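# The following comprises the amino acid sequence and a computationally predicted model.
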Amino acid sequence: MSPSSRLPFRPRSLRSNLGLCGLLLAFAGCDGRPTQALPPPDAGACLSSACSTPDGGTPPEGSAGRVRIAAYNVHRLFDTVCDTGSCGGSNYEELPTQEQFEQQAERLARAITALNAEVVLLEEVETQASLDELQRRTPGFGHAQLGEIHTAASVDVAVLSKHPIIDVRRHRERYIYRPDGSATRFSRELLEVHLNVSGAEVIVFAAHFRSKVDDDPGRRIAEATVSREIVTDVAKAFPDALVVLGGDLNDVPGSEALNQMELDGALLRVSSDRPVTEIWTYVYSNQRQAIDHLYLAPAGGAYVAGSFRVAREGNGYGGSDHGAVMADFFLGPASLGNP
């Protein structure tokens with residue numbers, strides 16, 4: 001799985017088959033793809049401070065053999081330093097005041113805490129300072145890792161965890177190939193983080209695939225195809241581990257990209273056991289779209305059937321324009337209590 005430093009002469013061609021009180025889950029698709037029209041609002045997951053108990057059942061934290069993993073696009077958590085030299089207004093890089101930065105981090109931290117998750121995969125975190133501010137405001141999350149790609153004003157992936165990090169691997173330097181054979185790389189880091197959860201190994205991948213703004217669908221298909229290869233290879237190398245990929249994949253079930261993720265049953269999209277009206281995470285052109293996902297690899301862990309939820313407040317969550325997705329998993333055999 002080491003990245004190749006040079007382009008081979010003949011690129012591989014890509015196969016192209018394939019909660020807690022009445023808050024709404026929404027999600028922005030940047031999609032342009034036809035999706036279902038807005039049905040009547042579903043109950044969603046009530047995950048705000050106004051709710052007394054979650055609707056997802058007993059939280060797994062502290063329960064033998066189980067862990068809750070979430071993925072959440074926090075929507076442009078920029079710090080107070082202008083890295084590009086062109087900030088604010090119509091420029092891409094925002095430049096919040098210290099007060100605005102702290103307010104955004106506090107609102108997001110409250111939303112993350114309400115998920116009752118033990119591991120949270122994040123998207124659109126600009127810098128280490130952004131992640132540090134968020135971690136400082138989320139009690140219990142003593143471990144964090146940023147997938148920085150080191151370009152000015154990049155909004156990167158990250159992992160927040162209540163459990164120790166034992167290894168970190170990165171995959172963005174690897175060449176990947178569109179269906180037409182042209183070479184590219186992951187648009188953000190594909191961040192692989194190994195955790196020790198109650199004596200069991202949990203391996204999570206934080207992903208954020210190519211947006212549909214100025215779309216490059218071939219790049220997203222390439223990201224999905226190679227992500228599937230990397231995740232399944234890791235699952236084979238760590239057969240007792242729970243292996244989960246999650247994040248903003250910028251595509252919907254049945255799309256070419258997600259078909260690549262699920263090719264020949266390689267990865268399980270855990271939301272597939274929930275009604276389509278319940279899994280949307282973003283709203284684009286008045287259409288609800290499911291573009292944030294959690295995938296399970298065939299290894300030592302297992303999905304707790306029916307536990308997938310989306311946390312919503314209106315059309316987003318915690319001030320973001322995305323809902324947060326979460327699910328419960330049984331740990332691998334190294335953890336006591338795993339059935």
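On my side now, so go ahead.
# Quick check on residue 225: phi, psi?
phi -60, psi -50 (degrees, to the nearest 10).
# quick one, helices of the stretch 101-250 of the chain?
Applying DSSP state H, counting those that start in this stretch to the stretch 101-250 of the chain gives helices spanning 128-136, 217-237.
# Give me the helices and strands touching the last one, please.
Translated: helix 217-237. Contact here means 3 or more CB pairs under 8 Å, 6 or more residues apart in numbering; DSSP states H and E; on that basis helix 217-237 packs against strand 176-177, strand 183-184, strand 200-208, strand 242-248, helix 256-261. (C-beta placed from N, C-alpha, C; glycine too.)
# most tightly surrounded among the ones you listed?
Across those, the average number of neighbours (mean count of other CB atoms under 10 Å) peaks for strand 242-248, which reaches a mean of 29.
# the inter-axis angle of that one versus strand 200-208?
If you take axes from the mean of the first three to the mean of the last three CA atoms, to 10 degrees, strand 242-248 sits at 20 degrees to strand 200-208.
# Give me the mean pLDDT for strand 242-248.
The pLDDT scores in strand 242-248 average 98.
# same question, stretch 114-134
Across stretch 114-134, pLDDT averages out at 98.
# Name the residues of it that are buried.
114-127, 129-131, 133-134 (16 or more other CB atoms under 10 Å).
# cool, stretch 298-307 as well?
Buried residues in stretch 298-307, counting neighbours by 16+ other CB under 10 Å, are found at 298-304, 307.
# same question, stretch 182-192
Residues 185-192 are the ones in stretch 182-192 that count as buried (16+ other CB under 10 Å).
# Give me the below-cutoff pLDDT ranges for the chain.
Counting by pLDDT under 70, the ranges of the chain that qualify are 1-64, 333-339.
# let's see 50
For the chain, applying pLDDT under 50 flags the ranges 1-62, 336-339.
# Name all residues that make contact with the most centrally placed residue in it.
With distances taken as CA atoms, centre = their mean, residue 247 lies nearest the centre of the chain, 1.7 Å away. With contact taken as CB atoms under 8 Å, 6 or more residues apart in numbering, residue 247 is in contact with 71, 73, 121, 123, 157, 205-209, 292-293.
# what about residue 67, which helix or strand?
According to DSSP states H and E, residue 67 maps onto strand 66-77.
# counting contacts, what elements does that strand pack onto?
Counting contacts by 3+ CB pairs under 8 Å, 6+ apart, strand 66-77 is packed against helix 98-114, strand 119-125, helix 128-136, strand 200-208, strand 242-248, strand 292-296, strand 324-330.
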